[in-house]
Each structure stands twice: as structure tokens, then as C-alpha cells.
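Novice: need a 3D model of the sequence below.
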Amino acid sequence: MIGILIQVSAAVALLLWAVRLVRTGIERAFLPFVQRGLRRLCRHRVSAAVGGVMAAMTMQSATAVTLISSGFIASATITPTAALALIVGAELGSAVMARVLFLPIQSVIPALLLVGVALNFRKGRNALKQAGRVLIGLALILLALGMIRTATAPIAANDIVRAIAAYLSGDLLSASVLGGLLAWSMHSSLAAVLTVASFATTGIIPWPVAAALVMGANFGGAMIPLTLLSGAERSVRSVVTANAVARGVLALAGIAALVFAEGLAAPGFANPGAEAIWLHIGFNVVLVLLALPLAEGLLRVAGGMLRPDPENGAEDISALDPDALSDARLGLACARRELMRMGEAVQAMLVLMKPLYRGWDADTDARILRLEDAVDRMHFESKLYISRLRTAPLTEAQARQSLEMVTVANGLEEAADRIAVNMLAIARKMRQQAVSFSSEGLHDLERLHDVVLANAQLALGVLTDGNPDDARQLVSQKDAMRGLEQRLQESHLQRLQDRRSDSVASTNMHQEILRLLKQINASFSYAAYPILEEAGAFLGSRLARSG
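Specialist: The predicted structure is shown next:
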């Protein structure tokens, strides 16, 4: 029995890792394209829901789509109602993808692995390598599901397992709570529902228990972004809270229906696992149909449940602990956390800056300037803290790390200055002169801005976990950015040749913003160099190609 439990645990662990593999592959290669597509679709509720379906099916994660939407909400790029439509659509897309993955298509695993590995080993284009990663992840998801079914088949007749299943059959509310905990602990409702469906297929759990677990998993999935975004702005929290409220009410209604139908004969499904996934899809279809027309009411209810944002933000709380200076290891950890806070503040400034391409907003201007003041303060205090830390005995590696942190901090402070000083000055000038970008020029600027935002997010990840693969990608994106900026400059020059009046009026501002975005991207890439140098990934001044 212990051996079987180990096999089941290993299969579930492989499933979680495979889902994450697919998501990270999509994020690393195609996140800017996903963001641009979602922003265009979020002009209306129905199209936003459709965009959420497509994005979640592509990224294998409704949570990832929710996190993307949080950035849109914070920057006022989309309305809260469109964001809620996007999120419920993403949950439906994740449910549909669960059905696709549960099809009997194990025969494609070898082909997916062969093509995926071949693409992942290719030198050159990062998009192809990440596409290979996605295919490998899909193959491993199918393999993990097969492993779960194989490992659980022998324990269906076990007396202990039968006793647990019998208890849950008589307490469907507890079963639903267990499903919620399963989804939350896995940080993936997709993985949780696939696991439940596999258990149902092998007969470990009866249909009513599987249905209750699915109901709970739907609510548990909504709690994941609620936890991850607990420190976000009130506008962001109101949207994810509205999603959680809607899913919670619908899940309770579903559990009530199961309990009231308890006296009826359980349906004799030929494949209860597949039917559990169909229930999952049906749940989310009903949620979309209810949430789209009731979005404003749900947001009002959620808003009433939340406390207002505090006057002073988290930027006032420093991570630089003076008591940690006596221990170099702890002091460096404090300095690194402060770097993360700087990076998050600069990223927030970048998010807020984007809507100003379309029109001036005084409140946004004030928020960017407050964040820039906070970055300046963190930069100054970090340098003083590190200088005090270097007066104590340090190892060679610790001394090097301290200097690298100063370099990264300088880069982040430069990026903040370019946003708050240069880019805001351009936005103010456009307002004063009543100048606006052409539709094509605006599209180009927002395209490049999305790429910089994606790279900023990648840089924060590099600062957090020091992953050499992510660091390599961040540096390679710097070269890609240079090429993209040149192509966009050429497009702008072509519009000037065509005597486009709006392009002529905004030409200096357009080209300056392109240049500034490239420089901001370079500032974020500083986070990667120390990690690559330590990993031996540089050949002289060149980035070594991975084999």
C-alpha cells in the first residue's frame, strides 16, 4: 500500500510539474503576444470572456490569466467588468482544456516528446525552444494521468479506501472542502480536477464524491489568485473577490443539489471520470452565463467586503534590517529583498505609464511620481546599507554579491528616472501641444511596452530565484529588443515618408519613447549578468549559446 501511495504521489507531482512546464514555456516565449491580444479583446465583456477561454487553453492556467488581468486593472487598461469577464472565461478555458487532456490520446506521447525535445535542443530562436518545452509538458501531462490511473487501479478494492469513500459519500460538504483544499494546495484547479477525474475513472471514489470534489476544486481555484493578490490594489482585489464570491455561491448551490438528490440512484456513467470533467465544464459555462450580465452587481458586493486601501503603501516599510548587519548572510538577504521591492515599484511605474500614451491623467502622474520618490529613497538607503555591510569581514563571494547588488540597484533607479522624468515629460508635452500618436504609432509603442513589461517580470523572477535559464533568456531578450526597436523605427520613418500628419506632429516624441523603452529594458537586464557570470555562461563579453 505504501508503494502504491508513493507511485500516486509521484504521478501527481509529475502532473503539477508538467502543467507548470507548459505555462512557463508560453510565458517565456509568447507572453507579450498574449497580453496584446487580451487587451484588444477586453473592450467588451463577451470578447473578453472569449479571450480568457483562448488564453487559459494556451497557457494551461486560469491563474496565470488572472495575474495578467491584474496588471491591466491596476493600470486602468481595462474596466473591472471586462476583467471579471476575462477571468471567468479563463476558468472555462481551463475546464475545456482538462477535457482535451483527458481524452484517450496517450498514443501521441512519443511524437510530442520527440518533436518537443528536438525543438528544445535547437540553437537560436527562443520561441522554438519554448514551443518544445510546451510540447514536452503536454506529453508529461498525458503520461502523468496514465500513471495516476495505473497506480490507483489496485487500491480501489482496499478496505481503508472504501471506508473513506463511503464516509465522503455521506458527507458531500466535507468532500467539497477537500476538493477546495486540493486545488489550493496544488495551485492549479486544472491539475486538481484531472486528479479527481483519474480517481473516479479507476473506481476509487463514487460519482457523487467526484462531483462534490469538482465543486470544491472550482471554489479552491478562485482562492489561489485571491491569496496571491492579497496585497494588490483595491480595484484588483475587488475583481478577484467577485470571481470567488460567484464561484462560491454556485459551488454551494451545486453541493445543495447533490445533497437533495442523495436519495436518488446515482447515475451509472460508463466513464465517471469523463463525466466529472463535463460537470466541471458545465459549472463554468453556467458561471459565465451568470457573471457576464451580473458583473456590476458582483463587483459591488465584492467591493463592500473589502477594506479601503491604506493611506501609506507598503513602500514605506523597508526590508533593510539594521540588526542583520552583524551577519553578512542575513544582511545580503535583506539587501536582496529591498532590490525586489525596488524592482516591483519600477514595474508598477511602467504599468501606470502605458495608458498615458492615449491620454493624460493627473492622478496617474501623481502616482508615478510617488513611486519614483520611493525608488529614490530605497536606492539611497540600499547603497548606505551595503556600504555599512562591507565594513564587516566578508568572503570574496559576499563582497562580489554586494557590488552586484549596487549595480542592479543603479539600473533600477535609472529606469525609474527615465519613466518619471523623461517619459512623463513627453506625456505632459503632448497634452500641452494637443498632440496624439497615430493609431499605427500607438500600436507600435504599446507593443514594445508590452515586451518591456514581460522582461521586467522575468527580471523580478531572476532576482527572486536566480534561475540561470531565465537569466539567459533575459539577456537574449535584450538583443531581440534591439532588433524590434529598429523595426519599429523603420515603420515610423515609412509613415513620415507617407506624409502622415499625426506621425509628423508626434515624430520626436514617438522616437524618444522607443529609445527610452529600450534603455529601461536594458536596465532590467542587469539582474541577469551576475547569475550568468557565476554559471560560466559568458564567453568573454558574449553570451554563450546553450547546446
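
Novice: low-confidence ranges, the stretch 301-450 of the chain, go.
Specialist: Within the stretch 301-450 of the chain, the segments meeting pLDDT under 70 span 308-316.

Novice: quick one: end-to-end length of stretch 389-404, please.
Specialist: 14 Å (C-alpha to C-alpha, to the nearest Å).

Novice: quick one: contacts for L140?
Specialist: By C-beta atoms under 8 Å, 6 or more residues apart in numbering, the contact list for L140 reads L14, L15, W17, A18, L21. C-beta: built from backbone N, CA, C; applies to glycine.

Novice: can you tell me which of those residues are in strands?
Specialist: For the contacts of L140, not one is inside strands, with DSSP state E as the criterion.

Novice: check contacts around V301.
Specialist: A242, V245.

Novice: just the ones in helices from the contacts of L140, please.
Specialist: Counted as lying in helices by DSSP state H, out of these, are L14, L15, W17, A18, L21.

Novice: make CSV from these and add pLDDT to it.
Specialist: CSV is the format used below for the ones in helices among the contacts of L140 (pLDDT from 0 to 100):
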residue, pLDDT
L14, 87
L15, 84
W17, 86
A18, 86
L21, 85
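
Novice: of those, grab the buried ones for PyMOL.
Specialist: To isolate in PyMOL the members of the ones in helices among the contacts of L140 that are buried, counting by 16 or more other C-beta atoms under 10 Å, one can use:
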select buried, resi 14+15+18+21
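
Novice: and which of the ones in helices among the contacts of L140 is nearest L258?
Specialist: L15 (25.9 Å; C-beta to C-beta).

Novice: secondary structure element for the nearest residue to the closest one once chain neighbours are set aside, which one?
Specialist: Nearest non-adjacent residue to L15, counting by C-beta to C-beta, 6 or more residues apart in numbering: A144, 3.8 Å away. For A144, the element it lies in under DSSP states H and E is helix 126-152.

Novice: run the chain-centre distance for that helix.
Specialist: 20 Å (C-alpha atoms, centre = their mean, to the nearest Å).

Novice: what mean pLDDT would you report for it?
Specialist: In this model, helix 126-152 has a mean pLDDT of 83.

Novice: now do the buried residues in it.
Specialist: Buried, per 16+ other C-beta under 10 Å, within helix 126-152: 128-145, 147-149, 151-152.

Novice: same question for stretch 519-531.
Specialist: Quick answer for stretch 519-531 (16+ other C-beta under 10 Å): I520, N521, A522, S523, F524, S525, Y526, A527, A528, Y529, P530, I531.

Novice: which of these fall in helices?
Specialist: Going by DSSP H, the helices hold I520, N521, A522, S523, F524, S525, Y529, P530, I531 from the buried residues of stretch 519-531.

Novice: before we move on, what's the pLDDT of the third one?
Specialist: So the one you mean is A522. 89.

Novice: the last one too?
Specialist: Confidence at I531, expressed as pLDDT, is 82.

Novice: quick one: it from R400, how far?
Specialist: 12 Å (C-beta to C-beta, to the nearest Å).

Novice: spatially nearest residue to G146, not counting backbone neighbours?
Specialist: With C-beta to C-beta, 6+ apart, the residue lying closest to G146 is Q106, at 5.5 Å.

Novice: who's in contact with that neighbour?
Specialist: L142, L143, G146 are the contacts of Q106 under C-beta under 8 Å, 6+ apart.

Novice: could you dump these to a markdown table with distance to F33?
Specialist: As requested, the contacts of Q106 are exported to a markdown table (distance: C-beta to C-beta, whole Å):
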| residue | distance to F33 |
| --- | --- |
| L142 | 26 |
| L143 | 28 |
| G146 | 32 |
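
Novice: for I426, state which of those is nearest.
Specialist: Nearest member of those to I426, counting by C-beta to C-beta, is L142, at 50.4 Å.

Novice: surely that closest one meets V100?
Specialist: No. Assessed by C-beta atoms under 8 Å, L142 is found out of contact with V100, at 10.3 Å.

Novice: follow-up on the earlier one: what residues are up against the residue nearest to L15?
Specialist: A144 sits in contact with A11, V12, L14, L15, A18, where contact means C-beta under 8 Å, 6+ apart.

Novice: would you quantify the distance from it to T202?
Specialist: 14 Å.

Novice: how much space separates N284 from E414?
Specialist: According to C-beta to C-beta, N284 and E414 sit 45 Å apart.

Novice: can you tell me the SS state at T195?
Specialist: helix (DSSP: H, G, I helix; E, B strand; the rest coil).

Novice: neighbours of it, how many?
Specialist: 26 (other C-beta atoms under 10 Å).

Novice: follow-up on the earlier one: got JSON lines for the ones in helices among the contacts of L140, with distance to A29 too?
Specialist: Converted to JSON lines, the ones in helices among the contacts of L140 look like this (distance: C-beta to C-beta, whole Å):
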{"residue": "L14", "distance to A29": "23"}
{"residue": "L15", "distance to A29": "22"}
{"residue": "W17", "distance to A29": "19"}
{"residue": "A18", "distance to A29": "17"}
{"residue": "L21", "distance to A29": "13"}
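
Novice: and which of the ones in helices among the contacts of L140 is nearest A291?
Specialist: L15 (28.4 Å).

Novice: let me see the contact set for that closest one.
Specialist: Here L15 is in contact with L140, I141, A144, L145, I148, A191, L194, T195 (criterion: C-beta under 8 Å, 6+ apart).

Novice: pLDDT score for the closest residue to the last one other than its chain neighbours?
Specialist: Beyond its immediate neighbours in the sequence, the residue positioned closest to T195 (C-beta to C-beta, 6+ apart) is V12, lying 5.9 Å away. According to the predicted model, the pLDDT of V12 comes to 81.

Novice: what do you get for R43?
Specialist: Model confidence at R43 (pLDDT) stands at 80.

Novice: how many residues are close by it?
Specialist: 12.

Novice: quick check: it touching T81?
Specialist: No. Using C-beta under 8 Å, R43 is not in contact with T81; the gap is 11.3 Å.

Novice: tell me which other helices or strands the helix or strand where A85 lies touches.
Specialist: Assigned by DSSP H and E, A85 belongs to helix 80-101. Where contact means 3 or more C-beta pairs under 8 Å, 6 or more residues apart in numbering; DSSP states H and E, helix 80-101 is packed against helix 45-59, helix 62-74, helix 126-152, helix 189-201, helix 207-228, helix 234-260, helix 272-291, helix 295-305.

Novice: just the angle between the helix or strand following the last one and helix 62-74, please?
Specialist: Moving toward the C-terminus from helix 295-305, the next helix or strand (DSSP H and E) is helix 328-353. Computed with axes from the mean of the first three to the mean of the last three C-alpha atoms, to 10 degrees, the direction of helix 328-353 lies at 60 degrees from that of helix 62-74.

Novice: can you name the element that comes right after helix 328-353?
Specialist: helix 362-389.

Novice: now that following helix: buried residues?
Specialist: 364-365, 367-368, 371-372, 374-375, 378-379, 382-383, 385-386, 389.

Novice: check contacts around the nearest residue to E344 once chain neighbours are set aside.
Specialist: Residue nearest to E344 in three dimensions, not counting chain neighbours: L460, with 6.6 Å by C-beta to C-beta, 6+ apart. Contacts for L460 (C-beta under 8 Å, 6+ apart) come out as M340, G343, E344, Q347.
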